[in-house]
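[1] Here's my sequence, what's the structure:
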Amino acid sequence: MNAAPRILAVLDELLAAAEPGARGALWHLAESGRELDANLVRLPPGAEVGEHQEDVLDVLLVVLEGAGSVRRAEGGQGLELGAGAVLWLPRTSRRALAAGPDGLVYLTVHRRRPGLAIKPRDGAYEGGEGPCMLDRVCPECGRLSQDPAPVFCSRCGERFPER
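    Model prediction:
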């Protein structure tokens, strides 16, 4: 692979070009051969990304516009977010994200997700994936939820259909 630095997106331009009511993932890194993933996400006022846990990846979240909060499952006071905040979401941490009254626009960056695998009780990976996980695929952005009964997408905040 002949890698060369290049500009992939101008975030201000992406946000200006998005429909006013557009929500969820407005852009994502899609170049082949990459080792990173990135998503530009807009949550409307009051929207939430329900409590979830990322078991494999650390995530860097950068707030670009608006405000919101992160609730931590381990207790303690939540974290208030505003434009310019850079938040580290360590793997295995449980958290929920809520947009404030003006909504929330953020960029997430993390190592590219490894392939799916079945994890037996003893913790040893056998490989492969479950026979049908369509009920765990976000209808808005297509991300597969790690939660067996997801309520909100951890990438774009879209609510999963009732089962």
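[2] and the gap between the residue nearest to E54 when sequence neighbours are not counted and P20?
    Leaving aside its sequence neighbours, E54 sits nearest to R91 (CB to CB, 6 or more residues apart in numbering; 5.6 Å). Any C-beta I mention is one placed from the backbone N, CA and C, and that applies to glycine too. For R91, the distance to P20 equals 35 Å [CB to CB, to the nearest Å].
[3] tell me which element the residue nearest to E54 is part of?
    Of the helices and strands defined by DSSP states H and E, none includes R91.
[4] For the least confident helix or strand in the chain by mean pLDDT, which residues meet the burial criterion?
    Taking mean pLDDT, DSSP states H and E as the measure, the chain has strand 48-53 as its least confident helix or strand, at a mean of 85. Using 16 or more other CB atoms under 10 Å as the test for burial, strand 48-53 gives E48, V49, G50, E51, H52.
[5] Report the spatially closest residue to the last one, excluding sequence-adjacent ones.
    The one in question is H52. H52's closest residue in space is S154 (CB to CB, 6+ apart), at 4.5 Å.
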